[in-house]
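Colleague: Return a 3D structure for these sequence lines:
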Amino acid sequence: MQIDKDSGIVKITNQRLIFAGGIHTSEWQFSKLLSASRNQEGNDFLLSVSNRKKTSGVKFSLQDGVIFSRILALALHSFEEGIPATLTAIEGELKEIEKRKPKLIL
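Modeller: Sure thing, here's the model as predicted:
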């Protein structure tokens, strides 16, 4: 069962996720990440790393959870594929979105 123990800020890079709270801090290095999951609402994230016995995570408001999910996906993609490949993927997705936009026909 997930228990809220602290509140603070989350920092994310293409190498790790860091939580800095008033009581404690946590770090999840992507190189040691075994699993990452979220609840059905999309605002509670559980992370398992190889150097820790217990699963831990971070929780956001519903709105911030959606945004964090996208940022975490980009960070993990950057870790696995590199930043240039991630930028290329983003540019490709933006082009696809532009193609699907409705066209005004007069």
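Colleague: where's the strand or helix carrying residue 95 relative to the chain centroid, distance-wise?
Modeller: For residue 95, the host element (DSSP states H and E) is helix 83-100. Taking CA atoms, centre = their mean, to the nearest Å, one finds the center of helix 83-100 at 18 Å from the center of the full chain.
Colleague: Can you list the buried residues in that helix?
Modeller: Using 16 or more other CB atoms under 10 Å as the test for burial, helix 83-100 gives residue 86. All C-beta spots, glycine's among them, are computed from the backbone N, C-alpha and C.
Colleague: Which neighbouring elements make contact with that helix?
Modeller: If you count contacts as 3 or more CB pairs under 8 Å, 6 or more residues apart in numbering; DSSP states H and E, helix 83-100 packs onto helix 62-81.
Colleague: which residues sit against stretch 76-91?
Modeller: By CB atoms under 8 Å, 6 or more residues apart in numbering, the residues outside stretch 76-91 that reach it are 14, 15, 30, 31, 33, 36, 74.
Colleague: Distance-wise, check the second one relative to residue 83.
Modeller: The reference is to residue 15. Look at residue 15 and residue 83: by CB to CB, to the nearest Å, they are 11 Å apart.
Colleague: Please apply the same query to the third one.
Modeller: Per CB to CB, residue 30 is found 13 Å from residue 83.
Colleague: Overlap in contacts, those two.
Modeller: In contact with both residue 30 and residue 83: residue 14, using CB under 8 Å, 6+ apart.
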